[in-house]
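Student: Sequence first, predicted model second:
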Amino acid sequence: MTANRPLTLPTLPFGYALHAWPAAARHTIPPLSRGPPWRVAATGVRITHITDCYAPRVGGIELQVQQLARRQALAGHDVHVVTTTAGGPTTDDEPLSVVRLPSLRRVVDAVRRIDPDVVHAHASVLSPLSAAAAVAAARALRPTLVTVHSLWAYLSRPYRLAAAAAGLSGLPIEWAAVSSTAARQVRHVLGSSRQVAVIPNGIDTGYWHHGSRSADSHEVVVAAVMRLAARKRPLALLAALRQARAALPPQVRLRAVILGDGPQRGLMKGYLAAHRMRDWVLMPGVGGPEQVRRLLAEADVFIAAARLESFGLAALEARCASVPIVAHAGTGIADFVRHGRDGLLVTEDGLGTALCHLTSSLDARAAMAALSRSNPPALGWPVTLAAVDDA
């Protein structure tokens, strides 16, 4: 393999991840002479994960990076996580090292001290730490993998222009995304000839599975698990619930439970009050895994209103629990939900109509639940770890 070069940080400011790529691509990096070392050694690889978001913050990227790092460490690898997320010290039983930086400028020194065999950066829409570290590592000819955890569609034009100006496709970076939808959008930015692997989010599928239950023809339970933020479209979710309630006969009760918290909680409460929905739409706050599992065990339908859903981990949990799902097509959820079989995938403003169909038809819900139970999703932590190894 070509000898490693010294790690250096690009010189431009990194207020946005978009700025990092052109700044770091000033030097031409020749391609690696052979594959990354994790394709050669089965164990004992020193892996450094770079992430702007990490525990104790709560979110999809935070959970996935933490679980991936733990499982790699338990498999015998020397694993480190570098982040700018503040938090307490690593617990004694944690099988990995967490380096919490006070500023972005310390990232190269931190990576240099660790001296990793592999750098795995985790990118969202704005990820200045991951962007800077990935480019610096690639310039130093350290095997580098970047996994994109978000959808880039609405920023594809500026990202594409920046990537072309920076020669980003020429850097020796292996690219991946968490779903085929996200991968297509990354490829649109980097160029159609660029390979972008799919590394799906990991999940313990057995934890969410439960046996079949007898449905109540007099009550329909709709579940949602989400951050109450604008990009998740919680008000559109409430509008769909209101439409479904209006379509049901009076003798059928509709009960909705929305687990989660976020900045739009106040707006949602106002909507519920204005439309007299507070007696049947419950918002108990953030729920842990056990609370989510109990909710899915009694749910008849799961709904995800977001259009910018790169993967949809909560929807996958519902899928593993054999709960019919209503979600948007063109999101990462389409990778594990078959339209008309495991749920309904809608376009534009079809969320309410699809929800009406499932809440009003016991037979449709039962048929989808049976199909989903007999054809579980081909996902899980073994699949995710194998995809990381192959990326």
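Tutor: Yes, it's here.

Student: Mind listing what's buried along the helix or strand where residue 160 lies?
Tutor: Per DSSP states H and E: residue 160 is located in helix 156-166. Using 16 or more other Cβ atoms under 10 Å as the burial criterion, the residues of helix 156-166 that qualify are 159, 160, 162, 163, 166. Yep, even glycine has a C-beta here, placed from its N, CA and C like the rest.

Student: same question, stretch 297-317
Tutor: Neighbour-count burial for stretch 297-317 flags 299-317 (criterion: 16+ other Cβ under 10 Å).

Student: What of stretch 229-245?
Tutor: Buried-residue list, stretch 229-245, by 16+ other Cβ under 10 Å: 232-242, 244-245.

Student: Point to the helix or strand of the chain where mean pLDDT is at its lowest.
Tutor: When each helix and strand of the chain is scored by mean pLDDT, DSSP states H and E, helix 17-24 comes last, with a mean of 38.

Student: Can you identify the element that follows that helix toward the C-terminus?
Tutor: Toward the C-terminus, helix 17-24 is succeeded by strand 46-51 as the next helix or strand (DSSP H and E).

Student: ranges for the helices of the stretch 51-200 of the chain?
Tutor: Assigned by DSSP state H, counting those that start in this stretch, the helices in the stretch 51-200 of the chain fall at 60-74, 107-114, 128-139, 156-166, 180-190.

Student: so where's the protein shaky on pLDDT?
Tutor: Within the chain, the ranges that satisfy pLDDT under 70 run 1-43, 88-93, 166-167, 212-216.

Student: Which stretches in it count as strands?
Tutor: Secondary structure of the chain (DSSP state E): strands at 46-51, 78-83, 97-100, 118-123, 144-148, 173-177, 196-198, 219-225, 253-259, 281-285, 301-303, 325-328, 343-346.

Student: Tabulate the ones you listed (CSV), appending distance to residue 57.
Tutor: Formatted as CSV, the strands of the chain follow (distance: least, Cβ to Cβ, whole Å):
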stretch, distance to residue 57
strand 46-51, 10
strand 78-83, 9
strand 97-100, 12
strand 118-123, 13
strand 144-148, 18
strand 173-177, 21
strand 196-198, 25
strand 219-225, 17
strand 253-259, 18
strand 281-285, 17
strand 301-303, 25
strand 325-328, 25
strand 343-346, 30
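
Student: which of those strands is buried the deepest?
Tutor: Across the strands of the chain, averaging neighbours per residue (mean count of other Cβ atoms under 10 Å) puts strand 301-303 on top, at a mean of 28.

Student: Distance from the chain centre to it, please.
Tutor: Here strand 301-303 is found 18 Å from its chain centre; the criterion is Cα atoms, centre = their mean, to the nearest Å.

Student: Backbone dihedrals for residue 58, please?
Tutor: For residue 58, the backbone dihedrals (degrees, to the nearest 10) come out as phi -110, psi 130.

Student: Spit out the contact partners of it.
Tutor: residue 286 (Cβ atoms under 8 Å, 6 or more residues apart in numbering).

Student: what's the closest of the helices of the stretch 51-200 of the chain to residue 284?
Tutor: helix 60-74 (20.1 Å; Cβ to Cβ).

Student: Check which helices and strands that closest one sits against.
Tutor: Judged by 3 or more Cβ pairs under 8 Å, 6 or more residues apart in numbering; DSSP states H and E, helix 60-74 is in contact with strand 46-51, strand 78-83, strand 118-123, helix 313-320, helix 381-390.

Student: buried stuff in it?
Tutor: Neighbour-count burial for helix 60-74 flags 60-69, 71-73 (criterion: 16+ other Cβ under 10 Å).

Student: If I take that helix and helix 381-390, what angle do their directions form?
Tutor: Comparing the axes of helix 60-74 and helix 381-390 via axes from the mean of the first three to the mean of the last three Cα atoms, to 10 degrees yields an angle of 80 degrees.

Student: residues making contact with helix 60-74?
Tutor: With contact meaning Cβ under 8 Å, 6+ apart, helix 60-74 is reached by 47, 49, 51, 53-55, 79, 81, 85, 94-96, 122, 124, 149, 201-202, 311, 313, 381, 384-385, 388.

Student: Now do it: distance to the chain's middle.
Tutor: On the basis of Cα atoms, centre = their mean, helix 60-74 sits 12 Å off its chain's mean C-alpha point.

Student: relative to strand 78-83, how tilted is that helix?
Tutor: Relative orientation of helix 60-74 versus strand 78-83 (the same axes, to 10 degrees): 160 degrees.

Student: Look up the residues forming beta bridges with the residue lying closest to residue 304 once chain neighbours are set aside.
Tutor: Residue nearest to residue 304 in three dimensions, not counting chain neighbours: residue 327, with 4.3 Å by Cβ to Cβ, 6 or more residues apart in numbering. On the basis of DSSP bridges, residue 327 is bridged to residue 345.

Student: and if you look at residue 256?
Tutor: According to DSSP bridges, the partner residues bridging residue 256 are residue 222, residue 281.

Student: measure it to residue 359 for me?
Tutor: If you measure residue 256 against residue 359 using Cβ to Cβ, to the nearest Å, the figure is 10 Å.

Student: what do those two both touch?
Tutor: Listed contacts common to residue 256 and residue 359 are residue 222; contacts here mean Cβ under 8 Å, 6+ apart.

Student: Relative to residue 293, how far out is residue 67?
Tutor: 17 Å.

Student: likewise residue 300?
Tutor: In this view, residue 300 and residue 293 are 16 Å apart by Cβ to Cβ.

Student: Also residue 133?
Tutor: Using Cβ to Cβ, we find residue 133 at a distance of 36 Å from residue 293.

Student: Of those two, which one has the most company?
Tutor: Between residue 133 and residue 293, residue 133 has the larger neighbour count (other Cβ atoms under 10 Å), namely 32 against 17.

Student: List the residues that contact the closest residue to the more buried one other than its chain neighbours.
Tutor: Among residues not flanking residue 133 along the chain, residue 50 sits closest, at 4.2 Å (Cβ to Cβ, 6+ apart). Taking Cβ under 8 Å, 6+ apart, we find residue 50 in contact with 82, 83, 107, 111, 119, 120, 121, 122, 129, 130, 133, 134.
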